[in-house]
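Novice: Just a sequence and a predicted model for now, questions to come.
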Amino acid sequence: MQYQSPASIEEAVAALASIGGARVLAGGTDLLVQLRSGTASPAAVIDVKNIAALRAITETADGFRIGAAVCGAEITDHAALVAAWPGVAEAAGLIGSTQVQGRASLGGNVCNASPAADTTPALIAARAVAEIVGPNGRRSIPVEQIATGPGKTSLAEGEIVVSFLLPRRPARSADAYLRLIPRTEMDIAVAGAGVNLTLDADGTIADARVGIGAVAPTALVLDAAPGILVGTKCDEATLAKLAEAAGAAARPIDDKRGTVDYRRKVVGVLAKRAALIAYERAKGAR
Amino acid sequence: MTYEPKNLRVVGTRPIRHDGADKVTGRANYASDFTLPGMLWGRVLRSPHAHAKVISINTDKAIALPGVKAVITGADLVLPDAGITQAGESAINTQHLAKNLLARDKVFYDGHPVAAVAAISDAIAQQALGLIEVEYEVLPHVIDVDDAVKDDAPLLHDDIFTEGVEPRPEKPSNIAKRIVVAKGDVAKGFAEADFVIERTYTSKPVHQGYIEPQGVVANYAEDGQAMVWCSSQGQFLIRDLCANMLGLETSSLKVIPAEIGGGFGGKTTVYLEPLALMLSKASGRPVKMAMTRGEVLRATGPTSGGSYTTKIGAMKDGTIVAAEVVLKFQAGAFPGSPVGAAVMFCSAPYDIPNLSITGYDVVVNLPKIHAYRAPGAPNGAFAFETVLDELARELKMDPIDFRAKNSAVEGSKSPYGPTHGPLGGIECLSSAKNHPHYKANLGPNQGRGVASGFWINIGGQSAATVVVNRDGTIALVEGCPDIGGTRASLAMMCAEVLGIAAEKVRPSIVDTTAIAFNDVTGGSRVTFATGIAVVQATEDAVRQMRERAAKMWDIDVEQVGWRDGAAQELNGNRSLTIAQIAQKAAKTGGQIMGHASINASGAGPSLTTHLCDVEVDRETGKVTILRYTTFQDAGKAVHPSYVEGQMQGGAAQGIGWALNEEYIHDAQGRLENPGFLDYRMPVASDLPMIDAVIIEVPNPNHPFGVRGVGEAPIVPPLAAIANAIYDATGVRMRDLPFSPPKVLAALEAAEKAKG
Ligand SMILES: Cc1cc2nc3c(=O)[nH]c(=O)nc-3n(C[C@H](O)[C@H](O)[C@H](O)COP(=O)(O)OP(=O)(O)OC[C@H]3O[C@@H](n4cnc5c(N)ncnc54)[C@H](O)[C@@H]3O)c2cc1C
């Protein structure tokens, strides 16, 4: 197995395109586990951690650009980012443990395409856009279009995600992410929900977006959420409707981590609790 | 040796442990850290089936692979004569052991070894496994204990006829053994009782979960002399089992103990060692083997799950008059679950006049069950202490008062026979009742549970050598692997007897050729039994030092006393320190060395009471442990930090068992969660600080009053948490574990039942 550590996006793309079956290596907290267990045996790994653009968090007029290889600890240490996108930050901050967060990246979390990836529902709720570079140049797609099924992505041969763009925060706007695991860390979500809300001056929800995870082959946009939340003040009846809609949208499986019935219920509970947190945060936001 | 109150200067203090720096810096050498020149790598091929006939095994392609130096199968392991080897709390049947090490005509569980390979690299060894062709005829399997006892259950062995029933059955059965403990007349007792409650419980197999997977390096030389480096709870047991499996004389095999990364009972048998020796013998090269976590979970002993029915009757005043318990334990592939201990000890904290407790040892398609911390007792206490909680509520009695009213005390007869000596049960209960924890307020959806536990503890064979160095420092030579801080506690007892600081004593745990036989580190026996050996060996050294001093002063030895690390002239004011005596030792008769090799009896049982507060999330079923306090009789805490560590560690493991740990199998009987992601032991952030309150009711049979402490703390948590969940929600959880989906389902069922 070859190891390469290019310093530029172009070199990385060239390396990926030239070696059949090469894999991108970011933090390695998924990939190295797969190598160890024998479920992946690529001809080469292309380490993208030495590419500056993939390691930077920048605030622009359009919002935040988070390099795909930025690790969780760098995200949760970035005060401005945490203030603007507390839900995305808490999703990144949930991954693994302190040690894992020194490595685990958003790019890896999204591109590993686990249905239970914690940052994906939060990024979906945030309307994050992934910037992708490949042999045919650069393109941008909404984050929910990356994963197409467990372990599968829409990325073409030789393409890498270079960064995620989070839009500018309007006034009275905030997000939240919650997941359920049987333990408190070092675990995998049984269900997860990210909620992103913007309020009117009087506290009425003007815009809402909800992503749910671990309850279908990929994380889902909860299409019913705006219809339920917008125009309300996040009252109990609304939250009950949201919970029901999340459960109904879920397409979970029965497995050792939870039953269909349990996942449907819990994703609803998480959606309503995350909505309430996001609502309270948005009320307190600038 | 008997207990005498003494003024203590070392025992009861908290010096830094002798092995601490090596462990926190990563310098300590565990089994897998060891390498030898020319070493090969061994790997095991395991059955993918829960139950199957092995029709044929073809190893030709594997042995032909370049780099492969040896391949072995069950045909290469000569079945030893039938016999039993005692391994602490377990008894190992040598023929079953052989069949477990390498399957012969049948595989009995997913993960059962069928062949092993040694090659010049681990990668080649793994590749070779894929070239071994095994033809199986898959058989129906059975894992659930209630299914396994049915008449039409798939039969694992055709040569098992239930022991303990008269007349001897004619048909073979999965029930290997029936064990009964009885006294009085239970029917009469229940007839008299004002309240009778009967409940049925189930639990799943759970694993010891030691951090260090099994590992070994073995070398079998051309002259028939063999060496094994491995991590175990007893190098002498490893030696004896390996010698038995390979037909070696005891003197031909030397076992060198590596540092051990946890065992909890699970490392009181062999899995890899005999295979590594066989591969080394076949290849003429040293062989290293180490398990993956998946192999550890699939093929090393978990402890039993089972099904348990408890019926207890009490009078209005709270007197328990009768108890009837039926315990069915999964034994795994071969007989030998710890059901016997559950039968003897589930009711042992109490003095109950009419008792009938029956246990069934049931073979099922799981790895052979092996000892796990107080083996059997947590399952038994789960089924007993939860019924007690229900009864206390019926009686409107405080659950601690109810337990205290029925407590076994000094002089009461134990369910398993002997009359109790001093016991700390009442002291634990009253300490719990008076603790601020018991009086603290609880919020909504929060509840508090109480449960007690009993563990017998054992003595056994131990040896110790105390070598007095020229500079007056001490080499303490012992043979019990340190899994709980025993280097420190043994060195402290040696230092106490000598009258010097613990730091002046350097303990080492040596190989099987360097000290007399020691039973395993298990049964909470080392600080007790090896402690006695150390005290005797140290007293032997003191006697010799007094003799040398007498010689140096040219007086009678009776004129020489011992105080503060020095020989003292009784009728004068001369004194000689250890160093002064040691420096002259060459001239007065050679280096001074005390020795003792004993078989200790009189281990004192340890009683314990746990208090647990939980909060239940009614919408997700998740249970959070808010506060946890353990009260335990240690007899005497030699090093209180390590006693507290044992209490906390046992409680933590019990909490894991209660909340999330379980073996999950698919429809084919394959383990679905062979890793720590889905076999959910608690992580540090799952637990609150576990408070440990040490009670000291001295054991009369130990010079410092020591009882074992390592096992009792895992006994009460299952019941304490079940009782706390009830207190929080009004719902009784009777099927372990109390994982979020199960708790939510139970809460919803209760809501529905209410209508
Ligand atoms: C102990 C432990 C605990 C964990 N806990 C959690 C958890 O709580 N929640 C959770 O969601 N996950 C968890 N994970 C999984 C993992 O840590 C995360 O998915 C993490 O975000 C992966 O990031 P990484 O940088 O380590 O990815 P890597 O392992 O480097 O890569 C993962 C995959 O993505 C591809 N990839 C990486 N970067 C890019 C890119 N820029 N462009 C294209 N493809 C790319 C790789 O080729 C690989 O296929 C845990 C893992 C471990 C080992």
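Specialist: Sure, I can see it.
Novice: use CA for all of it now, contacts and neighbours both
Specialist: Will do.
Novice: What lies in contact with stretch A:192-203?
Specialist: A:87, A:116, A:118, A:121-126, A:170-180, A:205-214, A:233, A:267, A:270-271, A:274-275, A:278-279, A:282-283 (CA atoms under 8 Å, 6 or more residues apart in numbering or on different chains).
Novice: So which of the residues you listed sit within strands?
Specialist: Within those, residues falling in strands by DSSP state E are A:173-180, A:205-213.
Novice: Mind listing what's buried along stretch A:239-254?
Specialist: Buried positions in stretch A:239-254, judged by neighbour count with 16 or more other CA atoms under 10 Å in any protein chain shown: A:239-247, A:249-253.
Novice: ok, whichever residue of chain B sits closest to chain A - contacts?
Specialist: As assessed by CA to the nearest CA, chain A sits closest to B:Asp686 within chain B, at 5.5 Å. By CA under 8 Å, 6+ apart, the residues touching B:Asp686 are A:183-185, B:624-625.
Novice: next one: A:Gly67
Specialist: Residues in contact with A:Gly67 (CA under 8 Å, 6+ apart) are A:53-57, A:162-164.
Novice: Pull the number of nearby residues for B:Leu677.
Specialist: B:Leu677: 11 surrounding residues under other CA atoms under 10 Å in any protein chain shown.
Novice: ok, it touching A:Met186?
Specialist: Yes: the pair B:Leu677 / A:Met186 is scored as a contact, 7.2 Å apart, by CA atoms under 8 Å.
Novice: quick one on the thing from earlier: for the contacts of B:Asp686, work out which two are farthest apart.
Specialist: Using CA to CA, the pair of those lying farthest apart is A:Glu185 and B:Ile625, separated by 14.8 Å.
Novice: from the stretch 501-650 of chain B, which residue is nearest to the ligand?
Specialist: For the stretch 501-650 of chain B, the residue closest to the ligand is B:Lys622, as judged by CA to the nearest ligand atom, at 17.1 Å.
Novice: Chain neighbours aside, what residue packs nearest to that residue?
Specialist: Spatially, and ignoring its direct neighbours in sequence, B:Lys622 is nearest to B:Pro740 (4.5 Å; CA to CA, 6 or more residues apart in numbering or on different chains).
Novice: Now B:Phe384, what are its backbone angles?
Specialist: As for B:Phe384, its main-chain torsions (degrees, to the nearest 10) stand at phi -90, psi -50.
Novice: my guess is A:Gly129 meets A:Ile141, correct?
Specialist: One correction, residue A:129 is Val, not Gly. Yes: between A:Val129 and A:Ile141 there is a contact at 5.5 Å, judged by CA under 8 Å.
Novice: Comparing the two, which shows the higher neighbour count?
Specialist: Higher neighbour count among A:Val129 and A:Ile141: A:Val129, with 21 against 13, using other CA under 10 Å.
Novice: Could you give the bridge partners of that one?
Specialist: Assessed by DSSP bridges, A:Val129 has beta-bridge partners A:Pro142, A:Leu165.
Novice: and it, how far is that from the ligand?
Specialist: Distance, A:Val129 to the ligand, using CA to the nearest ligand atom, to the nearest Å: 13 Å.
Novice: Give the other helices and strands that the longest helix along chain A contacts.
Specialist: If you go by DSSP state H, chain A has its longest helix at helix A:260-284. Contact partners of helix A:260-284 among helices and strands, from 3 or more CA pairs under 8 Å, 6 or more residues apart in numbering or on different chains; DSSP states H and E: strand A:173-180, strand A:191-199, strand A:205-213, helix A:236-249.
Novice: In terms of residue numbering, what are the domains of chain A?
Specialist: A:2-167, A:173-284 (automatic domain parsing).
Novice: who are the neighbours in contact with A:Pro121?
Specialist: Taking CA under 8 Å, 6+ apart, we find A:Pro121 in contact with A:177, A:192-194, A:210-213, A:219-221.
Novice: Would you point out which residue of the stretch 51-200 of chain A is nearest chain B?
Specialist: Using CA to the nearest CA, A:Thr184 is the residue of the stretch 51-200 of chain A that sits closest to chain B, at 5.5 Å.
Novice: Just confirm that residue is within a helix.
Specialist: No: using DSSP: H, G, I helix; E, B strand; the rest coil, the assignment for A:Thr184 is coil, not a helix.
Novice: And the nearest residue to it once chain neighbours are set aside, how close does it get to B:Gly645?
Specialist: Nearest residue to A:Thr184, sequence neighbours excluded (CA to CA, 6+ apart): B:Asp686, at 5.5 Å. For B:Asp686, the distance to B:Gly645 (CA to CA, to the nearest Å) stands at 17 Å.
Novice: and what of B:His665?
Specialist: 33 Å.
Novice: Next one: B:Gly675 from B:Leu297, what distance?
Specialist: Taking CA to CA as the measure, B:Gly675 falls 7 Å from B:Leu297.
Novice: cool, B:Gln580 as well?
Specialist: In terms of CA to CA, B:Gln580 sits 55 Å off from B:Leu297.
Novice: Any regions of the stretch 1-150 of chain A where pLDDT drops low?
Specialist: Along the stretch 1-150 of chain A, the model assigns pLDDT under 70 to no residue.
Novice: now the helices: where do they sit in it?
Specialist: With DSSP state H, counting those that start in this stretch, the ranges of helices along the stretch 1-150 of chain A come out as A:9-18, A:31-37, A:72-76, A:79-84, A:86-94, A:98-101, A:106-111, A:119-125.
Novice: most packed of those?
Specialist: Comparing these by mean neighbour count (mean count of other CA atoms under 10 Å in any protein chain shown), helix A:119-125 ranks first with a mean of 32.
Novice: thinking again about what came up before, settle it for me: which of B:Gln580 and B:Leu297 has more neighbours?
Specialist: B:Leu297 (25 against 16).
Novice: Buried residues in the one helix or strand that one maps to, which are they?
Specialist: Using DSSP states H and E, B:Leu297 sits in helix B:293-299. Residues of helix B:293-299 classed as buried: B:293-299 (neighbour count, 16+ other CA under 10 Å).
Novice: I'd like to know which elements it is packed against.
Specialist: So helix B:293-299, by 3+ CA pairs under 8 Å, 6+ apart, packs with no helix or strand.
Novice: and it, does that touch the ligand?
Specialist: No: with CA under 6 Å from any ligand atom as the criterion, the ligand is not reached by helix B:293-299; the gap is at least 14.0 Å.
Novice: Could I get the average pLDDT for that helix?
Specialist: Per-region confidence: helix B:293-299 scores 97 on mean pLDDT.
Novice: Next SSE downstream of it?
Specialist: Next helix or strand after helix B:293-299 toward the C-terminus (DSSP H and E): strand B:302-303.
Novice: packing partners for that following strand?
Specialist: strand B:206-207.
Novice: what pLDDT, on average, does the helix or strand following the strand it packs on get?
Specialist: Proceeding N to C from strand B:206-207, the next assigned helix or strand is strand B:215-220, under DSSP H and E. For strand B:215-220, the mean per-residue pLDDT is 98.
Novice: Strand B:215-220 pairs with which strands?
Specialist: Checking strand B:215-220 against DSSP bridges gives partners strand B:226-230 (antiparallel), strand B:287-290 (antiparallel).
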